[in-house]
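J.: sharing a model prediction with you, sequence too.
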Amino acid sequence: MLGDLLNNLLFKQATVTALRELSPHFRQLSLEAGWLKGLVYSRGDKLQVQVEPPFTLRTFTPLELDATRGTMQLLVFAHGDTPAGRWVRALKPGAGINVFGPRRSLELEPQGGDALLFGDETSFAVAADWQRVRAPTRPLRCVFEVTDAAESKAVLSGLGLGHAQVVEKRPGHLVDIEAYVRSVLGDQPGSHLVLTGQGASIQTLRKALRAPAAPHADQRVKAYWARGKRGLD
């Protein structure tokens, strides 16, 4: 009874209307809820989902949110025997899930200006959602560090990010990513630079881009996870 009371006080509920397996490690969830209708939402906002009761939460950036229809799409990267992986593999259409949010997380320019986003598999959703609202003449430049390049390229293509650069994780791979980022910023020095994904990779890349300094308009940073830390959002 106490658990039910806390759930009712802290969480809102959404219903899973469909699940789509995009690849061995990516699932796309379609959600529906009355409270989504008329919701004020900004690109980059976060949604926390209860993946194991009572308080094991994992954070996602909505892949798409339609406040008119009251629907939302989530992209889940199910890697290994993790709480989020176990949760999404057990989900079935019609299931109810408990959520908290959406809340402000990463502020993104809606359309204007050149932009470059760095991240990993946890960043695919925010990149795809941001790309969707950008002007066709201002495509979002992206570079991702990933575990499996072939799988990631296939998923990104389906999300409208087939132009994204993908670099497999290996010793020294961030040097290649730094070179790509410098190349883009050299061609587009007024770009907004957005760094997401793993905290250690963001830290390494930021340090590398300071010596010498790479030209860009501004920098937005959001670590979605860090090795050894649980539930970082």
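T.: Done, it's in. These numbers come from a predicted model, not from an experiment.
J.: where does the prediction get shaky in this structure?
T.: Along the chain, segments meeting pLDDT under 70 span 1-8, 109-112, 230-233.
J.: strands of that one, residue ranges please.
T.: 12-23, 26-32, 46-52, 56-60, 64-66, 71-77, 96-103, 115-119, 141-146, 165-168, 192-198, 218-225 (DSSP state E).
J.: in the third one, which of the residues would be classed as buried?
T.: Translated: strand 46-52. For strand 46-52, burial by neighbour count (16 or more other CB atoms under 10 Å) applies to Lys46, Leu47, Gln48, Val49, Gln50, Val51. To be clear about C-beta, it is placed using only N, CA and C from the backbone, and glycine gets the same treatment.
J.: reformat these as TSV; add distance to Pro171.
T.: Shown next, in TSV, are the buried residues of strand 46-52 (distance: CB to CB, whole Å):
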residue	distance to Pro171
Lys46	32
Leu47	35
Gln48	34
Val49	34
Gln50	37
Val51	32
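J.: of the residues you listed, just say which sits nearest to Leu10.
T.: Lowest distance from Leu10 to those (CB to CB) belongs to Gln50, with 8.8 Å.
J.: look up the residues forming beta bridges with the closest one.
T.: Beta-bridge partners for Gln50, by DSSP bridges, are Leu57.
J.: gap between it and Asn98?
T.: Using CB to CB, to the nearest Å, Gln50 is found at 4 Å from Asn98.
J.: sorry, back to before: for Lys153, find the nearest of the strands of the chain.
T.: Comparing the strands of the chain by CB to CB, strand 165-168 comes nearest, at 5.6 Å.
J.: what's the closest one in contact with?
T.: Contact partners of strand 165-168, identified using CB atoms under 8 Å, 6 or more residues apart in numbering, comprise 142-149, 152-153, 156, 173, 176-177, 180.
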